[in-house]
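S.K.: let's see this in three dimensions:
(one chain, ligands or ions: 2)
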Amino acid sequence: MKKILVSGGAGFIGSHLCTRLINEGNYVICLDNFFTGTRSNITHLKGNPLFEFVHHDIELPYFREGIDEIYNLACPASPVHYQFDAIKTIKTSVVGVLNMLGLAKRNGAKIMQASTSEIYGDPTVHPQVEGYWGNVNPIGFRSCYDEGKRCAETLFMDYHRQNHLRIKIIRIFNTYGPRMLPDDGRVVSNFVVQALQNHDITIYGDGNQTRSFQYVDDLIEGMVRMMNADEAFIGPVNIGNPNEFTIRELAEKVIQLTGSRSKIVFEPLPHDDPRQRKPDISLAKEKLHWKPVVELDEGLRRMIDYFKEYHP
Ligand code: NAD
Ligand code: UDP
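M.R.: Ligands and ions are numbered 1, 2, ... in the order given. The predicted structure follows:
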């Protein structure tokens, strides 16, 4: 039985990861400050002898012995949330990451960083390969997240080179699924909630920008495979679904699958909104024997069922 720490474990992805790790017989310590995570995301784990929740902000050091692995997920991920307190987002991505790396070093633990496709910014290379250095605005509204996450990758690499820490870096592309908050602000949850309530569907810009949407179960499988992969393979590795859709196509799909009476309306595009995004997942296929298996229609159906049941 491994003792595994998941920071951000009460969030959307973190709660699915905690569940998976416990189901495999591991002891899981979930660290979260409830900034965007919720108690209800982890209610099903409460009372489980393999689960421990610690209310903690990773901006502060955390002292604990006997930890085998750390998944560092703590960081708001929706543009609305990470721009709410931009300075705190940077502190979480830099000071918080230093604290998690320090904890890994003391414990001799293996540590994974939940990095992001935002590393590539508004990409000029399409699809995005891991070797692409990105096109990121260092002074814009998204920079607190993009540059914070880039600095986190740098810190991971330097701890690996300087301290021989065992590290793993994954770059996650747009992921959706049950336990996203209705007011999360990201596009899939926004559209599903709007459609189910027959409210206007808000497309920002002309809707021709693209994203590639990954269902959460596929991501969790990729994360766990990466953590357990050969130690020499540290990444960064893209984990995402390469099927690319325009935001307008996504809106139409959601309306069709929900049978909604919603109309599409157009609102201003947020600052520095990337025009296109699609992962090249050749590396993950080769090294992890991983590829996503849940197609968008199926994933959206599951997401719609979840919102009907839990947020009617
Ligand atoms: P989320 O907002 O649901 O989860 C983030 C969790 O981290 C929340 O539970 C929040 O309370 C916690 N948290 C934030 N700051 C913290 C701090 N200082 N100390 C302790 N806990 C803190 O978002 P998510 O979609 O589950 O994302 C999880 C991770 O995956 C994030 O690091 C995010 O950057 C990364 N990621 C997600 C996506 C995606 O599409 N969902 C894409 C790329 C990267
Ligand atoms: N978006 C939209 N309507 C919404 C929310 C988002 O059109 O209600 C757009 C947003 O401008 C972006 C895309 O959908 O072009 C994905 O946005 P999200 O916030 O989900 O993620 P990110 O921009 O970080 O990929």
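
S.K.: CA atoms for contacts and neighbours, from now on please.
M.R.: OK.

S.K.: count of residues packed around K149?
M.R.: 27 (other C-alpha atoms under 10 Å).

S.K.: now it: how far from T124?
M.R.: Computed with C-alpha to C-alpha, to the nearest Å, the distance linking K149 and T124 is 19 Å.

S.K.: do the same with G235
M.R.: Here G235 is placed at a distance of 21 Å from T124 (C-alpha to C-alpha).

S.K.: what about these two, which has more around it?
M.R.: Of the pair G235 and T124, G235 is the one with more neighbours under other C-alpha under 10 Å, namely 18 against 15.

S.K.: and the more buried one, which of the three is it?
M.R.: Three-state call for G235 (DSSP: H, G, I helix; E, B strand; the rest coil): coil.

S.K.: now do the contacts for it.
M.R.: The contact partners of G235, by C-alpha atoms under 8 Å, 6 or more residues apart in numbering, come to K168, I169, I170.

S.K.: now with 10 Å, please.
M.R.: G235 makes contacts with M112, E130, M157, I167, K168, I169, I170, R171, M226, L283, A284, K287, as judged by C-alpha atoms under 10 Å, 6 or more residues apart in numbering.

S.K.: list the contacts of stretch 262-271.
M.R.: 79, 140-142, 191, 194-207, 209, 248, 251-252, 254-255.

S.K.: 7 Å - rerun?
M.R.: Contact partners of stretch 262-271, identified using C-alpha atoms under 7 Å, 6 or more residues apart in numbering, comprise F141, A195, N198, H199, D200, I201, T202, I203, Y204, G205, D206, I255.

S.K.: pLDDT value on the first one, please?
M.R.: Note on F141: pLDDT of 96.

S.K.: surely it is in a helix?
M.R.: No - read with three-state DSSP, F141 is coil and lies in no helix.

S.K.: and for it, the neighbour number?
M.R.: 17.

S.K.: give the contact list for it.
M.R.: If you count contacts by C-alpha under 7 Å, 6+ apart, F141 has them with Q83, H271.

S.K.: can you give me the strands for the stretch 151-300 of the chain?
M.R.: In the stretch 151-300 of the chain, the strands defined using DSSP state E, counting those that start in this stretch lie at 167-172, 175-176, 201-204, 210-212, 214-215, 237-239, 244-246, 264-267.

S.K.: TSV please, covering these and showing mean neighbour count.
M.R.: What follows is these, written out as TSV (neighbours: other C-alpha atoms under 10 Å):
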stretch	mean neighbour count
strand 167-172	25
strand 175-176	22
strand 201-204	20
strand 210-212	20
strand 214-215	24
strand 237-239	29
strand 244-246	18
strand 264-267	14
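
S.K.: so which bits of the protein are right by ligand 2?
M.R.: Contacts of the chain with ligand 2, taken as C-alpha under 6 Å from any ligand atom, map to 78-79, 174, 185-187, 190, 202-204, 209, 247, 269-270, 273.

S.K.: going by neighbour count, which of the residues you listed comes out on top?
M.R.: Going through the residues of the chain next to ligand 2 with other C-alpha under 10 Å as the criterion, the one with the most neighbours is N174, at 24 neighbours.

S.K.: now the residue in the chain sticking out farthest from the centre: how far from D200?
M.R.: In the chain, the residue that sits farthest from the middle, by C-alpha atoms, centre = their mean, is R261; the gap is 30.9 Å. Separation of R261 from D200 (C-alpha to C-alpha): 9 Å.

S.K.: got the strands of the stretch 151-300 of the chain as JSON lines, with distance to G66 and mean pLDDT columns?
M.R.: Output for the strands of the stretch 151-300 of the chain, formatted as JSON lines (distance: least, C-alpha to C-alpha, whole Å; pLDDT from 0 to 100):
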{"stretch": "strand 167-172", "distance to G66": "17", "mean pLDDT": "98"}
{"stretch": "strand 175-176", "distance to G66": "31", "mean pLDDT": "98"}
{"stretch": "strand 201-204", "distance to G66": "47", "mean pLDDT": "98"}
{"stretch": "strand 210-212", "distance to G66": "38", "mean pLDDT": "97"}
{"stretch": "strand 214-215", "distance to G66": "33", "mean pLDDT": "98"}
{"stretch": "strand 237-239", "distance to G66": "28", "mean pLDDT": "98"}
{"stretch": "strand 244-246", "distance to G66": "42", "mean pLDDT": "97"}
{"stretch": "strand 264-267", "distance to G66": "50", "mean pLDDT": "98"}
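
S.K.: T89: which of these is closest?
M.R.: Nearest of the strands of the stretch 151-300 of the chain to T89, taken as C-alpha to C-alpha: strand 167-172 at 17.5 Å.

S.K.: direction included, what does the closest one pair against?
M.R.: With DSSP bridges as the criterion, the sheet partners recorded for strand 167-172 are strand 110-116 (parallel), strand 237-239 (parallel).
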